[in-house]
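1. Fold the following.
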Amino acid sequence: MSWRMVGVDAQRLQFVEAVFQRERSLSSLCREYEISRPTGYLWLNRFREQGVAGLVEASRRPENMPRRSCEELEQKIVALRAEHPDWGARKLQVLLARAGLQVPSSTVHRVLRRHGLIHKLDSHPKAVGRFSREAPNQLWQMDFKSPKGWKAHLGPLSVIDDHSRYALVLEQLSSGRGEAVQQRLERVFIDCGLPDAMLMDHGQPWWNAQSAGGWTQLSVWLMRVGIRLYYSGVRHPQTQGKVERFHGSLEQARRRQGMAGKIPDQRWLDRFREEYNQVRPHEALAMQTPASHWQPSIRSYTGPADPAYPEGAELGQLNAQGALRLEGRNWQIAGALAHQRVRIVRIDTRVHIYYAQTLIRELNLLGQGSTMVEPCPRNFLYL
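-> All right, here's what the predicted structure looks like:
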């Protein structure tokens, strides 16, 4: 006979009766009713203490409902959500922990769901992989946010430290021209020092598809102040994943904080940047803040200067058109580098041309051709 085919209470009663009637041994009865010996003894003891009432299935619901948050805690979670409407359960969990409340993120999520505070904007696919520089200021990512939805011709300029995700710049410029960007970068260089390198896309004003080599006055200025330049893959925004995710967080905050259809002013952008750097926990940083992982660069800004090349390096001078005379012919290098000195590195029948620390062109002496080089740091196809 299988106890699973009849009511549990009836089976327990039949078992207890059989034991007391001593029809068979306890072991054989436990096997027949498909229970363990400890369970059999438990039923017997309950029957001895409470009679048939002791065989009733007890509710497994805890008396104090530990999985149901207390009203005070729920209100705290709801209040934090109202204060940070663009934050999810994991980030709110960190704020609760800072206040001395150790609450699982799953509990926070259940409370948000119970109060109807889970929205589609809260969900996004996780990055398939991550890569970041080992220390602050080894690489900064720079881009303009798309103005789509902002009712403006230009989104704010953002500069993000690759290692810490620290937002160094978030500013709505009056113009996207190179002069305006250079002025803003000069201020951040004075305040925070210089990065070793910067990563950008193929957009203006740091790239010009109409000029030989793509270099602009802004990109040349960046190289002259001692910064190595990298460029993301064409139509591959994942290369600049950190600044793209930063813009995603910015857009989500704009929508969720009642700014939809409006152009956020600089005060709002400053508040967002402060919260993003100093308060908002970051999942890629083990729920710590970007500010806790960033520090100013030890490389001070001293202004642009002619690049210093290693002693003994082969150098060449570009003419007024940005061409280099080599091996009896003129090779077009970059018009934006007119009259500048470049370093020449010979590799068999090929020649690499460097300006400052940045490789800009490869010459093929055998094939009489040249290749424009768009350096992109390895492993940067990650968020």
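2. quick one, strands of the stretch 251-383 of the chain?
-> For the stretch 251-383 of the chain, applying DSSP state E, counting those that start in this stretch gives strands covering 314-317, 323-326, 329-332, 341-347, 350-355, 358-364, 369-372.
3. Deepest-packed of the ones you listed, please.
-> Of all those, strand 350-355 has the most neighbours on average by mean count of other C-beta atoms under 10 Å, namely a mean of 20. Every C-beta, even on glycine, is put in place using the N, C-alpha and C of the backbone.
4. sorry, back to before: with distance to residue 78 and mean pLDDT added, can I get the strands of the stretch 251-383 of the chain in a markdown table?
-> Below are these laid out as a markdown table (distance: least, C-beta to C-beta, whole Å; pLDDT from 0 to 100):
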| stretch | distance to residue 78 | mean pLDDT |
| --- | --- | --- |
| strand 314-317 | 66 | 95 |
| strand 323-326 | 66 | 93 |
| strand 329-332 | 64 | 90 |
| strand 341-347 | 61 | 91 |
| strand 350-355 | 56 | 88 |
| strand 358-364 | 52 | 85 |
| strand 369-372 | 56 | 79 |
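5. Could you dump these into CSV and include distance to residue 82?
-> As requested, the strands of the stretch 251-383 of the chain are exported to CSV (distance: least, C-beta to C-beta, whole Å):
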stretch, distance to residue 82
strand 314-317, 62
strand 323-326, 62
strand 329-332, 60
strand 341-347, 58
strand 350-355, 52
strand 358-364, 48
strand 369-372, 52
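6. closest one to residue 270 among the ones you listed?
-> Minimum separation from residue 270 across the strands of the stretch 251-383 of the chain (C-beta to C-beta) falls at strand 358-364, 32.5 Å.
7. Sheet partners, orientation included, of the closest one?
-> strand 350-355 (antiparallel), strand 369-372 (antiparallel) (DSSP bridges).
8. which residues touch the shortest one?
-> With contact meaning C-beta atoms under 8 Å, 6 or more residues apart in numbering, strand 369-372 is reached by 212, 213, 214, 331, 332, 360, 361, 362, 363, 364.
9. From the chain's centroid, how far away is it?
-> The chain centroid and the centroid of strand 369-372 are separated by 36 Å under C-alpha atoms, centre = their mean, to the nearest Å.
10. List every C-alpha atom in it, with coordinates, as CSV.
-> Extracted C-alpha coordinates of strand 369-372, given in CSV (Å, rounded to 0.1, in the frame of the first residue of the first chain):
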residue,chain,number,x,y,z
GLY,A,369,51.7,51.8,-51.0
SER,A,370,50.7,53.0,-47.6
THR,A,371,48.1,52.1,-45.0
MET,A,372,46.5,54.5,-42.6
